[in-house]
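>>> pasting a predicted model and its sequence here:
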Amino acid sequence: QQLRDVPPERWWRSPPVDFPDCTILQMDIAGFTTLSTQLDAEELIDLLNAVYTQIDQAASYIGQIWKVETIGDCYIAVA
């Protein structure tokens, strides 16, 4: 059963599950909200693509890193 199929009232107060060999990484670009008001949409997309491409290449070089998602300026990965 997947978490999305379980109502929140059944899991949100559950004790944490420990995965000692797992690291979750979440990165946000400092000042992104202010920066996004100063750039046009194309410049902003180009910036995000450049940043995420470099992070993806570093993750590939390091290995054993799975990119979960990018949401706006937030990059989430698991190692």
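The structure has been received and is ready for your questions. These numbers come from a predicted model, not from an experiment. Residues are numbered from 1 along each chain as shown.
>>> tell me the secondary structure at residue 21.
Using DSSP: H, G, I helix; E, B strand; the rest coil, the secondary structure recorded for residue 21 is coil.
>>> pLDDT at it, what is it?
Per-residue confidence (pLDDT) for residue 21: 88.
>>> who does whichever strand or helix holds residue 27 pair up with?
Assigned by DSSP states H and E, residue 27 belongs to strand 24-28. Strand 24-28 has its sheet partners listed here by DSSP bridges as strand 74-78 (antiparallel).
>>> ok, residues contacting the partner strand?
When contacts are defined by C-beta atoms under 8 Å, 6 or more residues apart in numbering, strand 74-78 is touched by residues 22-28, 52, 55, 59, 65-70. (Glycine included, C-beta is placed from N, CA and C.)
>>> and the longest helix along the chain, what's buried?
Using DSSP state H to define each element, the chain has its longest helix at helix 41-62. The neighbour-count check on helix 41-62 (16 or more other C-beta atoms under 10 Å) flags 44, 47-48, 55, 59 as buried.
>>> among those, which two are most distant?
For the buried residues of helix 41-62, the farthest-apart pair by C-beta to C-beta is 44 and 59; their separation is 22.4 Å.
>>> put the alpha carbons of the longest helix of the chain into PDB.
Extracted C-alpha coordinates of helix 41-62, given in PDB (Å, rounded to 0.1, in the frame of the first residue of the first chain):
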ATOM      1  CA  ALA A  41      10.400  34.200 -17.300                       C
ATOM      2  CA  GLU A  42      12.900  33.000 -20.000                       C
ATOM      3  CA  GLU A  43      15.900  34.200 -17.900                       C
ATOM      4  CA  LEU A  44      14.500  32.500 -14.800                       C
ATOM      5  CA  ILE A  45      14.000  29.200 -16.600                       C
ATOM      6  CA  ASP A  46      17.500  29.400 -18.100                       C
ATOM      7  CA  LEU A  47      18.900  30.000 -14.600                       C
ATOM      8  CA  LEU A  48      17.000  27.100 -13.100                       C
ATOM      9  CA  ASN A  49      18.000  24.800 -16.000                       C
ATOM     10  CA  ALA A  50      21.700  25.700 -15.600                       C
ATOM     11  CA  VAL A  51      21.700  25.200 -11.800                       C
ATOM     12  CA  TYR A  52      19.800  21.800 -12.000                       C
ATOM     13  CA  THR A  53      22.000  20.600 -14.900                       C
ATOM     14  CA  GLN A  54      25.100  21.200 -12.800                       C
ATOM     15  CA  ILE A  55      23.500  19.500  -9.800                       C
ATOM     16  CA  ASP A  56      22.400  16.500 -11.900                       C
ATOM     17  CA  GLN A  57      26.000  16.200 -13.400                       C
ATOM     18  CA  ALA A  58      27.500  16.300  -9.900                       C
ATOM     19  CA  ALA A  59      25.000  13.600  -8.700                       C
ATOM     20  CA  SER A  60      25.800  11.400 -11.700                       C
ATOM     21  CA  TYR A  61      29.500  11.800 -11.000                       C
ATOM     22  CA  ILE A  62      29.100  10.900  -7.300                       C
END
